[in-house]
Every structure is written in C-alpha cells, then in structure tokens.
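Peer 1: Any chance you could fold what I've pasted below:
(one chain, ligands or ions: 1)
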Amino acid sequence: MLIKKKTGIEIPSSEITPHSIYLNRRNFMKGAAAAAAGSLLAACAPGSNDPAATSTAVSPTIAPPTAAASQTTGGAAAALPPRPEADELGDPLNSFEEITNYNNYYEFTLDKEEVAQAAADYPTSPWQIEVGGLVQNPGVYDLDALRGFDQEERIYRLRCVEAWSMVIPWLGFPLAKLLNEVEPTADAKFVRFETINDPDNMPGQRSAWFEWPYVEGLRLDEAMHDLTLLATGLYGETLLPQNGAPVRLVVPWKYGFKSIKSIVRIDLAADMPRSLWMAAAANEYGFYANVNPDVDHPRWSQGSERRIGERGRRRTLMFNGYEEQVAHLYDGMDLRVNF
Ligand code: MTE
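Peer 2: Residues are numbered from 1 along each chain as shown. Modelled structure (predicted):
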C-alpha cells in the first residue's frame with residue numbers, strides 16, 4: 001500500500017520503507033469519555049560509560065549551561081514484508097539491541113545504558129492521550145484508538161543533539177492523521193506535547209534540575225508534515241518503555257530531544273510552547289532544533305556525528321538528510337537565529 005499523502009507533501013517512495021505497511025484496518029474509536037475536551041546530564045553524551053565515545057575537547061552534553069522479547073503488535077508484525085537492511089541512503093539499520101539499550105529518558109536515569117532496566121517495569125497500559133486546545137473536536141484517545149490508525153513502518157535516522165545517531169525502523173502513523181480528526185481551529189499555529197507526570201514512579205522527575213513534565217512543541221505545519229510520526233513500535237514490535245511506550249513523537253529532521261516520549265497531552269495553541277529544554281537553556285536548545293551541521297551547539301560542533309555501532313565519525317547532513325522534504329518549511333527564515 002502506498003502511503004496516503006493527505007498533506008499533499010510528496011515523499012519519495014525510497015523514503016518510506018517499504019512503501020508503508022498496512023497493518024491494521026483503521027478502526028478509529030475515540031475514548032468513551034470523549035472528554036471535553038550543561039554539565040548536569042552527562043547521561044545524554046558520549047561519556048565514560050560509552051565504549052564507542054570519541055573524546056572531544058568539550059563532551060557534548062544535553063544540559064543547562066551550568067550545569068527483546070516484547071509483545072508483538074497484535075499479530076500485525078506477522079504481516080510485515082521483509083525489512084530492508086538499510087535506509088534510503090544505504091545506511092544499515094541499528095540493531096534492536098542497540099536501539100533498546102542506549103536511550104535518553106531523563107525521567108528514569110541520566111545514564112543511557114541504564115534506562116532500559118530502570119524503565120522496564122513502567123506500566124504503559126492502560127494509557128490515554130488527551131487532545132485539546134484550539135480544536136473543533138477535542139477528544140481522548142486510548143490505546144485501541146491509537147493503534148486503530150493505519151500503522152506504517154518507516155526507517156528514519158535519529159540524530160541526537162549530542163552528535164550520536166541511529167537508524168531506526170519505527171512503527172506508527174503520521175501525527176497529521178490524528179490532528180485532522182480533532183480539526184485545529186484557524187487560530188492554532190503550534191502543537192504542544194506533554195509527557196506523563198509521574199514523579200512517584202519516575203525518579204528523574206523528582207529532580208529540580210528541570211521543569212517537569214517534559215514538554216515539546218512543533219509549529220503546526222511541521223506537525224502536519226507527513227514525516228512527523230506518532231510511533232507505537234519499532235522493529236515490528238510494540239514500543240518498549242525505554243523508547244517512550246506506549247506512544248512517542250518522531251520528527252526525523254530535528255534533534256532527538258524534540259521526539260518526546262510517553263505522551264499524555266497534545267494541545268493546539270496560538271503561541272509557541274516553551275519546551276523543557278528551552279526552559280532549561282534557551283541559548284543552547286532552541287524551539288526549532290533542526291539538524292544543521294552549519295550551526296554548532298555553543299559547546300560542541302554539530303558538523304559530524306557518531307553512528308552507534310560504527311567506528312569514527314560521519315558528516316552530519318542538513319536536516320538529517322531530509323532536506324528535500326522539509327527545507328521549504330523554513331523558506332526565508334534565518335536558521336542561525338531560529339536554531
Ligand atoms: N522524551 C522524554 N519524555 N524524556 C526524555 O528524556 N529524551 C529525548 C527524546 N525524548 C527524552 C525524550 C532525547 S535527548 C533523545 S535523543 C530521544 O528521546 C532518544 O530516544 P531513544 O531513547 O528512543 O533513542
């Protein structure tokens with residue numbers, strides 16, 4: 001099945017692997033309620049616990065300046081055709097083990113290699129996402145409703161702001177499909193996302209370093225772009241807690257911190273949301289956070305990156321290699337100012 005292009009944005013078939021996979025017939029059900037609706041977090045940087053780390057003068061660290069055996073997706077995985085071994089650029093996929101054992105999830109721990117264990121028992125069902133704000137049709141989406149959207153497999157590069165990257169076969173559906181359901185009003189210009197707030201079970205949220213819960217945002221046209229995915233799985237399997245189960249955002253042309261995990265709220269808004277990282281260090285982590293090798297982080301270069309599983313470094317691509325699809329979104333904008 002070819003991907004539906006409701007947004008009118010042309011995606012080369014090579015971009016979506018393989019042509020998007022039809023897993024479940026859409027069985028949309030709104031939740032019955034239909035409610036009205038810098039130096040701190042070395043965990044995110046190549047560090048001493050990272051055998052593949054390349055030493056740099058300043059270790060990239062996402063921080064304020066001061067500072068497999070999982071359930072299959074309801075049998076749907078059986079329907080997956082053979083998966084290519086590489087993305088459309090010829091870059092091999094990272095392994096399931098790499099993707100699920102090297103994570104950033106500050107709600108649990110600052111140590112990337114400890115996240116999987118720390119988050120292992122986190123309950124991700126039942127779950128619901130409340131969608132509201134400037135919309136005609138607010139609602140609450142439970143897991144059945146979310147999985148009712150046609151699930152597609154898409155192989156995307158994930159590029160962390162700290163200059164490491166992976167290639168990941170996500171399972172999910174375009175965020176635009178959900179946004180079209182709720183019908184943003186004419187005043188809606190931005191989308192604000194919020195992670196679950198659960199300090200009793202997420203030890204990181206008891207730390208005062210950040211304004212919890214984790215918040216991220218997109219401009220509405222970015223959110224409606226067909227590349228922007230709500231992921232419910234990877235490698236054909238239901239998402240594990242460490243990767244942001246049960247549902248997380250994936251915006252492949254932006255630094256990984258935009259791809260917020262374990263979402264419980266989505267609000268359409270007139271004003272630009274303030275993300276957790278903007279609140280922590282606006283001079284280091286901007287709202288747009290587009291992957292850009294020409295705009296360095298104040299404390300390290302963004303010109304190259306370390307692909308997990310590879311030796312050495314590789315050149316970072318503009319918009320993480322998705323320039324053809326997304327550059328027009330930023331026509332006329334100074335990407336050094338709007339970083
Ligand atoms: N979302 C939440 N709620 N909390 C986080 O700490 N880390 C971000 C992003 N989403 C993060 C988050 C960062 S910095 C990155 S690079 C990606 O998740 C990593 O996703 P992964 O662990 O699935 O590779």
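Peer 1: which residue packs closest to whatever residue of the chain ends up closest to the ligand, ignoring adjacent ones?
Peer 2: Relative to the ligand, the nearest point of the chain is residue 256 (2.6 Å; CB to the nearest ligand atom). C-beta: built from backbone N, CA, C; applies to glycine. Using CB to CB, 6 or more residues apart in numbering and skipping the chain neighbours, the partner closest in space to residue 256 is residue 160 (4.2 Å).
Peer 1: returning to what we had before: please report how far the residue of the chain closest to the ligand lies from residue 102.
Peer 2: Residue 256 is 12 Å from residue 102, where distance means CB to CB, to the nearest Å.
Peer 1: Check residue 338 too.
Peer 2: 30 Å.
Peer 1: out of those two, which sits in the more crowded spot?
Peer 2: Remark: of residue 338 and residue 102, residue 102 carries more neighbours, 20 against 13, as counted by other CB atoms under 10 Å.
Peer 1: how near is that one to residue 96?
Peer 2: From residue 102 to residue 96 the distance is 12 Å (CB to CB).
Peer 1: Tell me how many other residues crowd the residue nearest to residue 161 when sequence neighbours are not counted.
Peer 2: Nearest residue to residue 161, sequence neighbours excluded (CB to CB, 6+ apart): residue 255, at 3.9 Å. For residue 255, the count of nearby residues is 25 (other CB under 10 Å).
Peer 1: For residue 255, list the residues it contacts.
Peer 2: 159, 160, 161, 285, 289, 290, 291 (CB atoms under 8 Å, 6 or more residues apart in numbering).
Peer 1: all strands for the stretch 51-200 of the chain, in order.
Peer 2: 128-133, 139-142, 152-159, 164-174, 190-195 (DSSP state E, counting those that start in this stretch).
Peer 1: Could you show which parts of the protein are in contact with the ligand?
Peer 2: By CB under 6 Å from any ligand atom, the residues of the chain that approach the ligand are 44, 62, 103-107, 158, 160, 195, 214, 243-244, 256-257, 259-262.
Peer 1: tell me what the longest helix along the chain is packed against?
Peer 2: The longest helix of the chain (DSSP state H) is helix 175-182. Packing contacts for helix 175-182, counted by 3 or more CB pairs under 8 Å, 6 or more residues apart in numbering; DSSP states H and E, involve strand 128-133, strand 139-142, helix 220-224, strand 229-234, strand 263-269.
Peer 1: As CSV, those with mean neighbour count would be great.
Peer 2: CSV is the format used below for the helices and strands packed on helix 175-182 (neighbours: other CB atoms under 10 Å):
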stretch, mean neighbour count
strand 128-133, 21
strand 139-142, 21
helix 220-224, 20
strand 229-234, 24
strand 263-269, 20
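Peer 1: Same list (those) but as TSV, adding mean pLDDT.
Peer 2: Shown next, in TSV, are those (pLDDT from 0 to 100):
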stretch	mean pLDDT
strand 128-133	98
strand 139-142	98
helix 220-224	99
strand 229-234	98
strand 263-269	99
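Peer 1: What sits closest to residue 303 if chain neighbours are left out?
Peer 2: Closest to residue 303 by CB to CB, 6+ apart is residue 293, at 4.7 Å.
Peer 1: hang on, the earlier thing: would you indicate which residues of the longest helix of the chain are buried?
Peer 2: Of the residues in helix 175-182, 175, 176, 177, 178, 179, 181, 182 count as buried by neighbour count, 16 or more other CB atoms under 10 Å.
Peer 1: That helix: how far from the chain's middle?
Peer 2: Chain-centre distance of helix 175-182: 17 Å, with CA atoms, centre = their mean, to the nearest Å.
Peer 1: Report the contact partners of residue 254.
Peer 2: 288, 289, 290, 291, 320.
Peer 1: Pull the contacting residues for the first one.
Peer 2: With contacts taken as CB under 8 Å, 6+ apart, residue 288 has the following neighbours: 254, 330, 335, 338, 339.
Peer 1: and what of the fourth one?
Peer 2: Contacts for residue 291 (CB under 8 Å, 6+ apart) come out as 159, 253, 254, 255, 302, 316, 317, 318, 319, 320.
Peer 1: Quick check: chain neighbours aside, which residue is closest to it?
Peer 2: Spatial nearest neighbour of residue 291, excluding adjacent residues (CB to CB, 6+ apart): residue 320 at 3.9 Å.
Peer 1: Could you list the low-pLDDT ranges of the stretch 1-150 of the chain?
Peer 2: The stretch 1-150 of the chain contains residues with pLDDT under 70 at 1-78, 80.
Peer 1: Can you tell me which of the strands of the stretch 51-200 of the chain is nearest to residue 280?
Peer 2: Evaluated with CB to CB, the strands of the stretch 51-200 of the chain place strand 190-195 nearest to residue 280, the distance being 14.6 Å.
Peer 1: who does the closest one pair up with?
Peer 2: strand 215-219 (antiparallel), strand 263-269 (antiparallel) (DSSP bridges).
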